[in-house]
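Asks: 3D, please:
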Amino acid sequence: MNLILFAMILALLIPMYEAWQDDDIWQKMLAFASIATKTSIMILIVSVIRDDWMIGVVGIIILSVGNAGLMLLAHLLKRMIDL
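Replies: Residues are numbered from 1 along each chain as shown. This is a model prediction of the structure:
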């Protein structure tokens, strides 16, 4: 399980590098959404390893609600560009 967690941390570096490299706002938002999803999956794996359902609940909340704010921000930016 620790090997899987380490591989997921390495996979987190890919969108971070993409967000750092590209100046397009949509690519950055896509990278941040990917980071949020991968982080919540990592929280769920840690909760299974520790057998702690409270950490799992936090991971589920981040997974289900975390990207909603990012999508609202993307919609707001799209509207601002259209004006």
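Asks: And the helix or strand where residue 65 lies, what does it pack against?
Replies: Using DSSP states H and E, residue 65 sits within helix 53-82. Applying 3 or more C-beta pairs under 8 Å, 6 or more residues apart in numbering; DSSP states H and E, one finds that helix 53-82 contacts helix 25-50. C-betas here are computed from N, CA, C, even on glycine.
Asks: just how off-centre is the helix it packs on within its chain?
Replies: Chain-centre distance of helix 25-50: 3 Å, with C-alpha atoms, centre = their mean, to the nearest Å.
Asks: Measure how the helix or strand bottoming out on mean pLDDT in the chain sits relative to helix 25-50, angle-wise.
Replies: Using mean pLDDT, DSSP states H and E, helix 53-82 stands out as the lowest-scoring helix or strand of the chain, at a mean of 78. Relative orientation of helix 53-82 versus helix 25-50 (axes from the mean of the first three to the mean of the last three C-alpha atoms, to 10 degrees): 180 degrees.
Asks: distance of the residue nearest to the spatial centre of the chain from residue 66?
Replies: In the chain, the centroid-proximal residue (C-alpha atoms, centre = their mean) is residue 36; its distance is 1.2 Å. Residue 36 sits 5 Å away from residue 66, going by C-beta to C-beta, to the nearest Å.
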